[in-house]
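Undergrad: Sharing a sequence plus its predicted fold:
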Amino acid sequence: MSRQQFGFLAGFLVVAVWAAAGLRVAALAVLAGLVGWIVVRVLDGAPATTGLGDRAVRRR
């Protein structure tokens, strides 16, 4: 699965949860996903978030 496909799937699932259960539940689902991602990063021994900052900077 490519990053684009994964991003589409993640966005689709957030909107599906939002439509089915409401905005608050969708926001909690996204928050739970982020917490899970952080826990896995820490358990893998790579809690550094320097890569996220590099992705946010616009390249020329």
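TA: Now that the structure is in, tell me what you want to look at. All values reported here derive from a predicted model rather than from experimental measurement. Residues are numbered from 1 along each chain as shown.

Undergrad: and G45, what pLDDT?
TA: If you check G45, the pLDDT there is 78.

Undergrad: Using the three-state scheme, assign it.
TA: Here G45 is coil, with the state taken from DSSP: H, G, I helix; E, B strand; the rest coil.

Undergrad: tally of neighbours for it?
TA: The number of residues packed near G45 is 7, by other C-beta atoms under 10 Å. For every residue, glycine as well, the C-beta is placed using N, CA and C.

Undergrad: And F6, by the same measure?
TA: Neighbour tally, F6, other C-beta under 10 Å: 10.

Undergrad: What ranges in the chain fall below the confidence cut-off?
TA: Residues of the chain meeting the criterion pLDDT under 70: 46-60.

Undergrad: show me where it has helices.
TA: 3-21, 23-43, 50-56 (DSSP state H).

Undergrad: and for the second one, what are the contacting residues?
TA: With C-beta atoms under 8 Å, 6 or more residues apart in numbering as the test, helix 23-43 has contacts from 14-15, 17-18, 47.

Undergrad: Filter those residues down to just the buried residues.
TA: 17-18 (16 or more other C-beta atoms under 10 Å).

Undergrad: Turn the contacts of helix 23-43 into JSON lines, including distance to W37.
TA: Below are these laid out as JSON lines (distance: C-beta to C-beta, whole Å):
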{"residue": "V14", "distance to W37": "14"}
{"residue": "V15", "distance to W37": "19"}
{"residue": "V17", "distance to W37": "17"}
{"residue": "W18", "distance to W37": "20"}
{"residue": "P47", "distance to W37": "11"}
